[in-house]
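> quick one: sequence and predicted model below, then my questions.
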Amino acid sequence: MLIIACKTADAQKLDSLYFNLYTDSLKKGTFNYINVDGRFSDGKYLPLTTKELIFTCDAGKFEGNSLYLDTSVKVEKVIVKVSLKSDPAVSRERTIFIKKFEDSSGVKTMEEVMQPKRRKA
């Protein structure tokens, strides 16, 4: 009889959630990525997705980690909440403001980028 001794790996427990936003405001009419990191019991931080989290918001709709805000949304801020699927008691909320004014500068066209600058005489 062959006896094999093995030890099961101790899984690291996720103990808290943190928003790690790339911007200070959300844009209407586009998908806004909501980055959430989890802190594990070994001190490591890892990004989380809808595989581990439930995303909710008082305006807009989520597709994965991305929140879509329709251009007709009239509120100036939204409350985003994330909860851990395996333990909904582990959750976090964040109020995020919506951008009020569109960028007026716009993106340069290929011609504008490639055109040499003219020096003033």
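Structure's in. What do you need?
> show me the contacts for the closest residue in space to F31 that isn't next to it in sequence.
Among residues not flanking F31 along the chain, S66 sits closest, at 3.9 Å (Cβ to Cβ, 6 or more residues apart in numbering). Backbone N, C-alpha and C define where each C-beta goes, glycine included. Shown in contact with S66 (Cβ atoms under 8 Å, 6 or more residues apart in numbering): F31, N32, Y33, I34.
> so what's S66 bridging to?
Y33, E63 (DSSP bridges).
> same question for S25.
When bridges are called by DSSP bridges, S25 pairs up with F97.
> ok, and for stretch 85-103, which residues are buried?
For stretch 85-103, burial by neighbour count (16 or more other Cβ atoms under 10 Å) applies to V90, I96, I98.
> separation between the spatially most central residue of the chain and R94?
What sits nearest the mean C-alpha location of the chain, by Cα atoms, centre = their mean, is I34, with 1.3 Å. Using Cβ to Cβ, to the nearest Å, I34 is found at 8 Å from R94.
> need the overlap of contacts for the two.
Shared contacts of I34 and R94 (Cβ under 8 Å, 6+ apart): F19, L21, V80.
> just the closest of these to Y45, please.
Among the shared contacts of I34 and R94, F19 lies closest to Y45 (Cβ to Cβ), at 12.1 Å.
> can you tell me which residues contact the closest one?
By Cβ under 8 Å, 6+ apart, F19 lies in contact with I34, N35, V36, V80, V82, R92, R94.
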